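Enquirer: structure of the sequence below:
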Amino acid sequence: MKKIDTKNAPGAIGPYSQGFVVGSAVYTSGQLPVDPATGEMPAGIAAQAEQSCKNVIAILEAAGSSAEKVFKTTCFLADMGDFAAFNEVYAKYFTGCPARSCVAVKTLPKNALCEIEAAAEA
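Expert: Predicted coordinates:
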């Protein structure tokens, strides 16, 4: 196993890693929409979805992978009413239409509106 650590995505806010390469697969931790340069979150679901996608892709790239190699994502929304707006942004980044679960949760860390995790071919 190889731990992934990149400054191009937010650092872990708890006892976990940004991701791991295990065999021929990359697994990312859930990525909140935190800008790694500022530590801030943008306002609104579209901007937050955009930042979460960018954070996932930064971790994948640090592991030698890419969005095109993603085969599974799990998406968490604070409000399922944001589903259509979230999908519009998500579809720009994950063009291969990986398998996906998308669930509404009561609350996300830092009161984020979304969080995305991914599994990809290394």
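Enquirer: alpha carbons only for contacts and neighbour counts from here, please
Expert: OK.
Enquirer: name the nearest residue to Gln48, ignoring sequence neighbours.
Expert: Spatial nearest neighbour of Gln48, excluding adjacent residues (Cα to Cα, 6 or more residues apart in numbering): Pro33 at 4.9 Å.
Enquirer: wait, the one you found sits on Ala46?
Expert: No. In this structure, Pro33 is not within contact of Ala46 by Cα atoms under 8 Å, at 10.3 Å.
Enquirer: so these two - more neighbours on which side?
Expert: A side-by-side neighbour count of Pro33 and Ala46, using other Cα atoms under 10 Å, places Pro33 first with 30 against 19.
Enquirer: the more buried one in helix, strand or coil?
Expert: coil (DSSP: H, G, I helix; E, B strand; the rest coil).
Enquirer: swap in the one 3 residues further on?
Expert: Following three-state DSSP, the label given to Pro36 is coil.
Enquirer: now it, what are its backbone angles?
Expert: Dihedral pair for Pro36: phi -70, psi -20, per degrees, to the nearest 10.
Enquirer: so what's it up against?
Expert: The contact partners of Pro36, by Cα atoms under 8 Å, 6 or more residues apart in numbering, come to 7-11.
Enquirer: thanks again, I'm all set now.
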